[in-house]
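Peer 1: sharing a sequence plus its predicted fold:
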Amino acid sequence: MRVIQGNKMTAIILIIAAFLILLPFVYESRNLFILLTQIFVFAIFAMSYDLLLGFTGIVSFGHAMFFGIGAYSMGIFMKKFEPTMTYFFFAVLSTIVLTALVSFIVGLLTLRLKSHFYAMLTLSLSGLFLVLAEKWRSMTFGNDGFTFRVPDLFIDRTNFYLLCLIIMVAVFLFLKRFTNSPLGRVLQAIRENEQRTESLGFWVLHYKIAASVVSGVLAGIAGILYAISLRFVNTSVFSMDITLDALLMTIIGGVGTLVGAIIGAGLIEFAHDWLTELAKEHAIFERWIIFFGIIYILVVMFFPKGIVGTLRSYTWKRKKQPAVKSKEKVAG
């Protein structure tokens, strides 16, 4: 049943993606495409976090460190060298290597710890990267940050919009396959009962590190796209707010669903943009973070398992009821 539902959801995502690909050619709105591009970028970041939280049961407060590594790698390469596609690919390659190495080392050092101990240690490690970015001014320009040029291909917003959309869909399909693979099944078993999984002979730490590396690399890719979208980078990419955004997107959309991460990213980015625009109309909306908190509380109240998780549970119950009634009639 879950496989059928998963295939249906994948088909729906692909249909929506096809519509979004055609959208720039039939409709023109610069603000809309900037908003959608941000949604695609943070959807990639939220899916990378969902791999940890939703499929492995790992709560991390330092996921922004990988996002920031990607952003700074791209910014530094484009600032120090010519903004060509060659250096763009060098920046991507360096991001993959750095995020894989850092996530491997961090995982090796911290994943032996349990629950909140691991979460707090990842937060402190992320803080180290933030301090490094603040102090290494010759390379990062500190809190002020720096602007940079991008390859000519990405100057056109439509091209960049399509690139982000294609990467988001590719990441979704990759993670869908990854989580349904034997390795992904072991990760889900670890989430449900780590001790039992270890008693079956699986070396749990190795599987956790594998999930951490994949998640870190994907978060770094999201950081690359975020930096290109702004053509500016500063220490805010290492802030706790970035990690909390990914956490909220995952929870609101539905933990362990992947699709929920995309929906959560869309809702949060749209709500942020909408409330910011309302602040220009009336002074009460200047404190938009309060209204944002109210929206979050309402979503959690009416969708306790996230939007996708709650809808799946509701659908499952509706399909289960006729089966139960038919059994009762036969028994009667």
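Peer 2: Cool, got the structure. Numbers count the residues shown, from 1 in each chain.

Peer 1: per-residue confidence for residue 184?
Peer 2: Looking at residue 184, its pLDDT is 93.

Peer 1: ok, it touching residue 178?
Peer 2: Yes. The pair residue 184 / residue 178 is scored as a contact, 5.4 Å apart, by C-beta atoms under 8 Å. Bear in mind the C-beta positions are built from the backbone N, C-alpha and C, glycine included.

Peer 1: any residues touching stretch 64-74, and which ones?
Peer 2: Residues from elsewhere that reach stretch 64-74, judged by C-beta atoms under 8 Å, 6 or more residues apart in numbering: 45, 48, 88, 91-92, 94-95, 98-99, 102-103, 106, 122, 125-126, 129-130, 133, 140, 215-217, 219-224, 226-228, 233, 237-243.

Peer 1: now with 6 Å, please.
Peer 2: 91, 94-95, 98-99, 126, 129, 216, 219-220, 222-224, 226-227, 233, 237-238, 242-243 (C-beta atoms under 6 Å, 6 or more residues apart in numbering).

Peer 1: before we move on, what about stretch 43-59?
Peer 2: By C-beta under 6 Å, 6+ apart, the list of residues contacting stretch 43-59 reads 60, 63, 119, 168, 171, 175, 179, 187-188, 191, 211, 215, 218-219, 222, 246, 249-250, 255-256, 258, 261-262, 264-265.

Peer 1: repeat for stretch 96-109
Peer 2: Outside stretch 96-109, the residues touching it (C-beta under 6 Å, 6+ apart) are 66, 69, 125, 209, 212, 213, 216, 217, 220.

Peer 1: just stretch 171-181 next, same as before
Peer 2: 44, 47, 55, 184, 218, 258.

Peer 1: residues of the helix or strand hosting the fifth one that come out buried?
Peer 2: Following DSSP states H and E, one finds residue 218 within helix 204-230. Neighbour-count burial for helix 204-230, with 16 or more other C-beta atoms under 10 Å as criterion, is recorded at 204, 207-229.

Peer 1: pairing partners for the helix or strand following it, with directions?
Peer 2: As assigned by DSSP H and E, the chain's next helix or strand after helix 204-230 is strand 232-233. Strand 232-233 has these partner strands in its sheet, going by DSSP bridges: strand 146-147 (antiparallel).

Peer 1: immediately after the strand it pairs with, which helix or strand?
Peer 2: Next along the chain after strand 146-147, taking DSSP H and E as the criterion, comes helix 152-155.

Peer 1: counting neighbours, what do you get for residue 10?
Peer 2: By other C-beta atoms under 10 Å, the residues close to residue 10 number 15.

Peer 1: state the distance from it to residue 106.
Peer 2: With distances taken as C-beta to C-beta, to the nearest Å, residue 10 is found 31 Å from residue 106.

Peer 1: and the gap between residue 85 and residue 154?
Peer 2: Per C-beta to C-beta, residue 85 is found 9 Å from residue 154.

Peer 1: of the two, which one has the most company?
Peer 2: Higher neighbour count among residue 85 and residue 154: residue 154, with 19 against 11, using other C-beta under 10 Å.

Peer 1: my guess is that one contacts residue 160. True?
Peer 2: Yes. Residue 154 lies in contact with residue 160 (C-beta atoms under 6 Å); the separation is 4.7 Å.

Peer 1: pLDDT score assigned to the most centrally placed residue in the chain?
Peer 2: Taking C-alpha atoms, centre = their mean as the criterion, residue 46 is the residue nearest the geometric centre of the chain, at 1.6 Å. At residue 46, the pLDDT value in this model is 96.

Peer 1: ditto for the one 3 residues further on
Peer 2: The predicted local confidence for residue 49 comes out at a pLDDT of 96.

Peer 1: which helix or strand contains the closest residue to it other than its chain neighbours?
Peer 2: Nearest residue to residue 49 in three dimensions, chain neighbours excluded: residue 246, at 4.0 Å (C-beta to C-beta, 6 or more residues apart in numbering). Assigned by DSSP H and E, residue 246 belongs to helix 240-253.
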